[in-house]
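**Student:** need coordinates for the following:
(chains A, B, C and D)
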There are 2 protein chains.
Amino acid sequence: METRLDLVFSALADPTRRAILKLLLEDDMAVTDVAEPFEISLAAISKHLGILTRAGLISQEKRGRVKWCKLEPDALREASVWMQAFGQFEEMDLDAFERFLEQELEIGAG
Amino acid sequence: METRLDLVFSALADPTRRAILKLLLEDDMAVTDVAEPFEISLAAISKHLGILTRAGLISQEKRGRVKWCKLEPDALREASVWMQAFGQFEEMDLDAFERFLEQELEIGAG
DNA sequence: CCGATATTCAACCTTTCGGTTGACGATTGC
DNA sequence: GCAATCGTCAACCGAAAGGTTGAATATCGG
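**Tutor:** Numbers count the residues shown, from 1 in each chain, chains lettered A, B, ... in the order given. Below you'll find the model as predicted:
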């Protein structure tokens, strides 16, 4: 079973996809415009956008023949909470964090 | 060129590795003890630990024939800052964030 | 010294990833 | 209507990921 966290972290693992997120930070963009600064093919960008969409990091809405891409920061926030908890666990309620982890992780998965 | 962020996010993308981090949250552990709850081979766990180490998420110190694994939350904090910035960009200094991104990302990479 | 324990290495396999190209289905505008 | 534009699909490719097994390398304990 592929969790939301799997999808988000593996989406963020690629520098091209992080660069796409950076572009979308400035404004919503059409697929062709997202692709413009990169040297790879439009089809490759389209795949990257699909991965970002499945991870919930962006959304895509088609208007006419143009598909608009929009940053969706909620998924990022969710994963950020997970990481921040690890990074600052000295300062927080460890028991509450443990309970949170129980829901998110499964020992032996993979 | 593989950045620190690449290494951290792809390390976190695997549920087994996240589960290992959870184990190490409780205490430092030997490789064999880390492997115990999982169904995969010791060699596979050893590889996972190597990936976590290269990402800076854990450190490993050999004492005698036992190699001790220790959580290193700093790398997580670094990536968490990156994500949190995206997730909460409405509330922060966008110009400062842009400058931060200029250092971390390269458009066209990948 | 020798057997047991701890860990990695090397070779291999299968699946996924990131990329390509060319064809295709919609939609637009003249 | 038809050519141009937008984006995806399908088939393919090489490289990397995640796993296995078996042998190798230290180190420990008696």
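
**Student:** what's the burial count for A:Leu12?
**Tutor:** Residues lying near A:Leu12 (other C-beta atoms under 10 Å in any protein chain shown) number 28. For glycine as for every other residue, the C-beta is placed from the backbone atoms N, C-alpha and C.

**Student:** nearest spatial neighbour of it, skipping sequence neighbours?
**Tutor:** Closest residue to A:Leu12 apart from its sequence neighbours, by C-beta to C-beta, 6 or more residues apart in numbering or on different chains: B:Phe9 at 4.3 Å.

**Student:** contacts only, for A:Gly50.
**Tutor:** A:Gly50 makes no contacts at all, as judged by C-beta atoms under 8 Å, 6 or more residues apart in numbering or on different chains.

**Student:** mind listing the strands for chain A?
**Tutor:** In chain A, the strands defined using DSSP state E lie at A:29-30, A:58-63, A:66-71.

**Student:** briefly note if the last one comes near DNA strand D.
**Tutor:** Yes: counting by C-beta under 7 Å from any atom of the strand, DNA strand D has neighbours in strand A:66-71: A:66-68.

**Student:** strand partners of that strand, parallel vs antiparallel please.
**Tutor:** Note on strand A:66-71: by DSSP bridges, its sheet partners are strand A:29-30 (antiparallel), strand A:58-63 (antiparallel).

**Student:** flag every buried residue along that strand.
**Tutor:** A:67, A:69, A:71 (16 or more other C-beta atoms under 10 Å in any protein chain shown).

**Student:** by mean pLDDT, which helix or strand of chain A comes out lowest?
**Tutor:** Every helix and strand of chain A was ranked by mean pLDDT, DSSP states H and E. The lowest is helix A:94-104, at a mean of 57.

**Student:** circling back to that earlier point, of the strands paired with strand A:66-71, which stretch is the most buried?
**Tutor:** strand A:29-30 (a mean of 17; mean count of other C-beta atoms under 10 Å in any protein chain shown).

**Student:** which outside residues touch that strand?
**Tutor:** By C-beta under 8 Å, 6+ apart, the list of residues contacting strand A:29-30 reads A:23, A:66-69.

**Student:** does DNA strand C sit close to it?
**Tutor:** No: judged by C-beta under 7 Å from any atom of the strand, strand A:29-30 stays clear of DNA strand C, getting no closer than 11.8 Å.

**Student:** thinking again about what came up before, tabulate the buried residues of strand A:66-71 (a markdown table), appending distance to B:Ser41 and pLDDT.
**Tutor:** Below are these laid out as a markdown table (distance: C-beta to C-beta, whole Å; pLDDT from 0 to 100):
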| residue | distance to B:Ser41 | pLDDT |
| --- | --- | --- |
| A:Lys67 | 44 | 98 |
| A:Cys69 | 42 | 98 |
| A:Leu71 | 41 | 94 |
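
**Student:** from the residues you listed, which is closest to A:Ile51?
**Tutor:** A:Cys69 (12.3 Å; C-beta to C-beta).

**Student:** surely that closest one and A:Asp27 touch.
**Tutor:** No: counting by C-beta atoms under 8 Å, A:Cys69 sits too far from A:Asp27 to count as a contact (9.9 Å).

**Student:** hang on, the earlier thing: name the nearest of the contacts of strand A:29-30 relative to chain B.
**Tutor:** For those, the residue nearest chain B by C-beta to the nearest C-beta is A:Leu23; the value is 7.7 Å.

**Student:** report the buried residues of stretch A:29-45.
**Tutor:** For stretch A:29-45, using 16+ other C-beta under 10 Å, the buried residues are A:29, A:31, A:34-35, A:38, A:45.
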